[in-house]
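> Sequence first, predicted model second:
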Amino acid sequence: MRGLTRSTHERLLRRHAGAVRLVCALALGDAHAAGEAADDALRMAVSAIPPSTRPGDRLPRLLALAVFACDGRGAAPGRDDPWAPVRDLPPAERTALLLHEGAGLSVRRTARGVGMPWREASDLIFAARRTLARPGDDWEPLECTAHRRRLSDAGCPDAAPQGSREHLAGCDGCRGMVDAAAARRAAAAAAAVDVAVAPIPPAGTGAQAPGAPRRPVRGRALRRPVIVGAAVAVLLALAVGGAVALVGGGPGQPEQVAQVASADPVAAGLALTPSSRRPALDPGAERRAAVDRADARTAANARAKAKAKAKAR
């Protein structure tokens, strides 16, 4: 694959500027500081993210770099901001939660951004949600740990999984973890409107990610020539097959069209030649065939004479 030029690479990264500003706004809680951090992240990305990066990995790595650019900057205190407790988490957990819940990346794309296997990224997200669900490091029952893990793996949806609905209805701590995740998603959606970028849809929905370049129409346009070429090939095979049936069949067995479609030009030429005019591929084949036919006639005559004698008796 040909590498991108520096200007093209920078232009592709700039297309994700809205998503970068969104993550910086959630990480800092201040629009002005978020804009400066986003600009710094985009400048660093030109050299930190190589042009040979796969298109699917470009956005996760860029957003992780944006969180790194926000580190060390003064975050605005937010009393009613659901993302305020996230800013006190350890860096790895904070980055994973910002990419997953804030930017809406899937767990696997979040793992690409933080540079670890998806299972470890899922553990980071669960650890962050678990820490936020029990501030002050309170004791957690073992039953709640199992249900919170199941809820976190499911994405903390509003409709809980079947095995955790009854527990969720009677446990304030687990219900609080789900409600806090819903509040963070709602705050991220509201912040996305302010920075003019829509939340990233989950993987597999077919929707377009925010700030991502539009899917090229080139792949869609290539389908027509392929379909037309396949149709022409089928029509050509049918036409050649009809020609073979008209030219070479005779009273015997019809010729196989597969010989004409062969990549061997000699076989194709023989298939188009009438069977009476084809050269013998084996010089002794005709002589052996004549001997076999004579033997068959002799055997048939002998059987006929035997039957006649049997009837005469």
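On my side now, so go ahead. Numbering: from 1, shown residues only.

> So in this protein, which helix runs the longest?
helix 285-312 (DSSP state H).

> How far off centre is that one?
Taking Cα atoms, centre = their mean, to the nearest Å, one finds helix 285-312 lying 69 Å from the centre of the chain it belongs to.

> same question, stretch 84-99
Distance, centroid of stretch 84-99 to centroid of chain: 28 Å (Cα atoms, centre = their mean).

> List the buried residues for that stretch?
V86, R87, L89, E93, R94, T95, A96, L97, L98, L99 (16 or more other Cβ atoms under 10 Å). Glycine gets a C-beta too; all of them are placed from N, C-alpha and C.

> Can you report how many residues lie near the residue nearest to the fourth one when sequence neighbours are not counted?
The one in question is E93. Of all residues not flanking E93 in the chain, A128 sits nearest, at 3.9 Å (Cβ to Cβ, 6 or more residues apart in numbering). Neighbours of A128 under the rule other Cβ atoms under 10 Å: 24.

> Same question for the helix or strand encompassing A128: list its buried residues.
Assigned by DSSP states H and E, A128 falls within helix 118-133. Residues of helix 118-133 classed as buried by neighbour count (16+ other Cβ under 10 Å): 121-133.

> With stretch 24-43 instead?
24-30, 33-35, 37-38, 40-42.

> Any idea which of those residues the model trusts least?
Lowest pLDDT of the buried residues of stretch 24-43: D30, 85.

> List the contacts of that residue.
Applying Cβ atoms under 8 Å, 6 or more residues apart in numbering to D30 gives the contacts G74, A75, A76.

> For I125, see how far away it is.
Separation of D30 from I125 (Cβ to Cβ, to the nearest Å): 25 Å.

> got the contact list for the residue nearest to E93?
A128 neighbours (Cβ under 8 Å, 6+ apart): V86, L89, E93, R94, A96, L97.

> Ok, F68 next?
Contacts of F68 by Cβ under 8 Å, 6+ apart are A41, T95.

> and what of F126?
If you count contacts by Cβ under 8 Å, 6+ apart, then F126 has R148, R149, S152, D153 around it.

> Compare these and tell me which is most surrounded.
In the contacts of F126, the most neighbours by other Cβ under 10 Å go to R148, 25 neighbours.

> what's the angle between the helix or strand encompassing that residue and helix 118-133?
Using DSSP H and E, the element containing R148 is helix 142-153. Interaxial angle, helix 142-153 versus helix 118-133 (axes from the mean of the first three to the mean of the last three Cα atoms, to 10 degrees): 120 degrees.

> Show me what helix 142-153 packs onto, helices and strands only.
Applying 3 or more Cβ pairs under 8 Å, 6 or more residues apart in numbering; DSSP states H and E, we find helix 142-153 packed against helix 118-133, helix 165-170, helix 172-194.

> Out of those, which gets nearest to G229?
The minimum distance between G229 and those falls on helix 118-133, with 39.6 Å, by Cβ to Cβ.

> Can you check what angle separates that closest one from helix 172-194?
Using the same axes, to 10 degrees: helix 118-133 against helix 172-194 is 110 degrees.

> so where's the protein uncertain?
Confidence mapping of the chain against pLDDT under 70 gives the ranges 1-4, 135-138, 196-226, 240-285.
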